[in-house]
Structures are given as C-alpha cells and as structure tokens.
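> Quick check, what structure comes out for this input:
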Amino acid sequence: MKIPAPRGRVSATLIDLLHAGRSTAGYAALDSAVTEALSAGGDLLRDEDLQLALFCLYELHYSGLDGVADDAEWEPDLIRIRARLEAAFEEVLRRTVSLPELPAPRSEDVAETLFALAAKDDGPSVSRFIASKASVEQLREFLVLRSVYQLKEADPHSWAIPRLPVGRAKAALVEIQADEYGGGRQERMHSKLFANTMEGLGLDAGYGHYIDLVPALTLASSNAMSLFGLNRRLRGAIAGHLAAFEMTSSIPNSFYARGFRRHGFSDEVTYYFDEHVEADAVHEQIAARDLAGGLAEAEPALLEDIIFGAATVLAIDAMLGEDQLLAWQAGSPALLAPLPDGGPEEAGPAGSALAAAAIAGGVTP
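Residues are numbered from 1 along each chain as shown. Next comes the predicted model:
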C-alpha cells in the first residue's frame with residue numbers, strides 16, 4: 001500500500017522514520033511525539049493522527065507499505081511504540097463499549113446473548129438511507145469508506161485461526177473464512193467482488209488508494225480488528241467481533257443492493273451485496289453458536305472478551321453510521337475531502353458497462 005499523507009506530528013514522525021531509515025534519533029522523536037499526543041487526552045477514536053499512525057504500524061503485518069523494508073514488521077522499537085498506542089486504544093474501547101450481563105459459558109447461552117445484542121442495535125441505519133435516498137456520489141463515498149476493510153476482507157479475522165484450540169470453534173472459523181476467500185476460486189473472493197463493485201462506480205479498487213480521504217473513525221474500525229487479531233490474549237475478542245460482524249450483515253446488504261439497483265446499476269455491480277445476503281444468513285448461525293459459543297465452552301475464561309469483541313463492532317458501527325448520515329443530511333461529504341471526478345455521470349448504463357468490463361471472464365451471479 002502507498003504510504004499515506006501524515007495527519008499530525010506522530011504520523012509525520014513515523015512516516016519520516018519509515019522513509020529515511022530507522023535510527024535511534026528517529027525512534028526518540030517518535031516516542032516523544034506519542035507521549036505528547038497521548039497526554040493530550042483527546043478523543044482517541046477520532047484522533048486522525050494517532051489512528052493513522054496505528055493503522056500504518058498494523059499495515060506492516062499485512063501487505064506492507066510501499067518502499068518500507070519487509071523486516072520493519074518485527075523491528076523491536078516499532079513494536080514497542082505500537083504496543084503503547086494499542087494499550088491506549090484498548091483502554092478507550094473498553095471504556096466506550098457497554099457489556100450486557102454475561103451469560104453462562106455454554107454455546108446456546110452465548111449465542112442467545114449475541115443475538116440479543118444484535119437485535120438491540122439501534123444505531124443510525126446507513127443501509128436504509130442508501131436503499132431509499134443516497135445519491136450516486138454518496139454510494140461512491142460509502143464504497144470508499146468500506147474499502148479500507150473490504151479490500152482485505154477476512155484477513156484481520158484470519159489471524160485467529162492459529163490462535164484457537166483445535167475443536168469446534170476453530171472448525172467454524174475456517175468454514176466461515178473459506179467462504180470469504182471464495183472457496184478457493186480467486187474470482188469469488190469477497191475482496192475481489194467488492195473491487196468489482198468499486199470499479200462499477202468508476203472508483204480505483206487498488207488497496208489503500210483512498211486512504212487519505214477516510215476519517216479516523218473508519219481507521220479505528222479497522223484498527224480494532226487488527227488489535228484483536230494480532231494479540232493472542234485477545235483471541236476471544238476477535239472471535240466475538242467476527243460473530244457480531246456476520247450476525248449484522250445479511251439484512252443491511254439487502255438494503256445496499258436495493259440502493260444501487262435504484263440508480264440502475266446491474267446485477268454485476270450489486271453481486272457483492274447479493275452474495276452476502278445469502279452467505280451471512282448461514283454464517284451468523286455458525287459464528288454465534290459454533291465459533292463464539294464453541295470457544296466459550298472450550299475456554300470459559302475468554303467469555304467476557306468474546307462479548308466485548310461483539311459489542312465493539314456494534315458500538316463503532318453506530319458511531320460511523322451517525323457520522324456518515326449527519327454529513328450526508330447536511331449536504332457534505334462523509335470523507336475528509338470530496339472524491340475526485342471520474343465516476344459515472346449516468347449511474348445505470350455507465351456503471352453497468354464498467355462493472356461488466358471489470359468482471360469479464362470472471363464471476364457472474
């Protein structure tokens with residue numbers, strides 16, 4: 001991924017360090033910047049500088065950053081600085097997220113609690129707005145915001161596979177992830193299907209292409225997955241996170257598909273959403289009962305973190321939805337800046353043509 005533009009002292013110091021080569025002076029400057037930023041006591045979830053810095057540090061464990069040596073992934077000083085940011089981030093998440101009364105560590109009890117959590121989710125409905133009101137430009141913004149995760153869909157949750165004990169929970173996770181990766185077919189990988197949808201609206205589907213346009217809270221959503229997935233002690237949280245993710249996906253995706261079709265986009269463009277309506281209706285049962293519930297039975301000490309991970313999804317999604325809808329209802333972009341020109345002016349025909357070209361020879365619904 002390209003290295004993003006800095007958003008403050010911490011991210012600027014980190015990016016300089018990654019560009020110029022790691023040095024004792026550079027690490028000292030980064031340490032000082034992090035100390036000052038954390039001492040300021042601002043809203044960490046919406047802190048553009050700190051969330052971008054943490055995102056860049058996590059990205060070293062994924063596809064890497066353009067021009068940065070691969071061995072930076074395990075550079076001790078970078079890991080130490082990442083750990084400081086992680087500790088502050090986790091503390092904020094635990095203060096922000098409200099947990100229900102914990103159930104017994106039995107599969108059906110855990111599943112019942114998770115389904116009740118999902119049913120109580122009363123955050124702003126971006127999916128309903130998209131289904132009935134969103135303009136083509138707002139659809140494009142929606143895709144850009146989602147692209148931070150969707151273009152590497154499943155990767156953060158896959159960190160959990162080697163961290164779970166052999167048994168019911170691990171088998172369930174692998175079953176879910178196999179579908180996310182297309183069942184072994186490249187053209188059916190969900191990240192590829194999402195890229196097709198982006199191209200259908202005239203967007204660049206290169207991973208991280210729009211990273212400079214997405215706000216801190218979107219980065220925080222991705223960072224929470226990486227925090228849970230990359231730390232073995234939080235394996236319960238990543239399992240709960242995936243469970244809630246799957247349990248709150250099917251119905252919204254049906255509304256997303258409706259909103260894109262409302263503007264005349266073809267089945268090729270909406271296929272990503274259509275696929276998730278069917279797949280996630282199955283996944284939610286596996287995720288709640290076998291993944292989250294199975295893990296709670298195998299490791300009862302992880303029960304609270306399983307519920308915490310699930311509640312984190314709902315809490316951050318509610319904040320994201322509120323921010324997006326407030327911006328759109330005010331006639332403003334939900335991004336840090338408007339998208340550059342280049343999208344289809346006439347939504348239906350142009351979008352369908354672009355999508356058809358993008359998936360020629362690939363998957364069809």
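
> Tell me who's in contact with the closest residue to His283 other than its chain neighbours.
Closest residue to His283 apart from its sequence neighbours, by C-beta to C-beta, 6 or more residues apart in numbering: Glu246 at 4.1 Å. Using the backbone N, CA and C atoms, a C-beta is placed for each residue, glycine as well. By C-beta atoms under 8 Å, 6 or more residues apart in numbering, the contact list for Glu246 reads Ile176, Asp280, His283, Glu284, Ile286, Ala287, Ala288.

> With Thr218 instead?
Neighbouring residues of Thr218 by C-beta under 8 Å, 6+ apart: Leu145, Val148, Leu320.

> Top of those by number of neighbours, please.
Leu145 (23 neighbours; other C-beta atoms under 10 Å).

> May I ask which helix or strand encompasses the residue nearest to that one when sequence neighbours are not counted?
In space, and not counting its chain neighbours, Leu145 is closest to Thr218: 5.4 Å by C-beta to C-beta, 6+ apart. Under the criterion of DSSP states H and E, Thr218 resides in helix 216-230.

> and what of Leu203?
Going by DSSP H and E, Leu203 is not part of any helix or strand.

> can I assume it is in contact with Arg146?
No - the criterion here is C-beta atoms under 8 Å, and Leu203 misses it with Arg146 at 11.0 Å.

> by contact count, what packs against the longest helix that the chain contains?
For the chain, the helix with the greatest residue count under DSSP state H is helix 303-329. Counting contacts by 3 or more C-beta pairs under 8 Å, 6 or more residues apart in numbering; DSSP states H and E, helix 303-329 is packed against helix 76-96, helix 107-120, helix 126-132, helix 136-150, helix 216-230, helix 235-247, helix 293-298.

> neighbours around Glu101, how many?
Glu101 is flanked by 6 other residues according to other C-beta under 10 Å.

> Over to it. Which of the three states is it?
Three-state call for Glu101 (DSSP: H, G, I helix; E, B strand; the rest coil): coil.

> One more: the one 4 residues further on?
Assigned by three-state DSSP, the conformation of Pro105 is coil.

> Phi, psi for it please.
phi -80, psi 50 (degrees, to the nearest 10).

> Tell me if I'm right that it and Ala296 touch.
Yes - using C-beta under 8 Å, Pro105 is in contact with Ala296, at 4.3 Å.

> the more surrounded of the two?
Ala296 (30 against 19).

> Pull up the gap between that one and Leu114, please.
10 Å (C-beta to C-beta, to the nearest Å).

> what's the answer for Leu164, then?
Here Leu164 is placed at a distance of 17 Å from Leu114 (C-beta to C-beta).

> Repeat that for Asp31.
Counting by C-beta to C-beta, the gap between Asp31 and Leu114 amounts to 40 Å.

> Contacts only, for Met189.
For Met189, the contacting residues are Glu153, Glu180, Tyr181, Gly182, by C-beta under 8 Å, 6+ apart.

> Which single one of the residues you listed is nearest to Val68?
Closest approach to Val68 among these (C-beta to C-beta): Glu153, at 23.4 Å.

> so that closest one makes contact with His190?
Yes - using C-beta under 8 Å, Glu153 is in contact with His190, at 4.7 Å.

> Now do the strands in the stretch 151-300 of the chain.
Assigned strands in the stretch 151-300 of the chain: none (criterion: DSSP state E, counting those that start in this stretch).

> What segments of it are helices?
Counting by DSSP state H, counting those that start in this stretch, one finds helices in the stretch 151-300 of the chain at the ranges 155-158, 168-180, 190-200, 216-230, 235-247, 250-262, 267-285, 293-298.

> low pLDDT regions in the chain?
Where the chain drops to pLDDT under 70, the residues are 121-124, 342-365.
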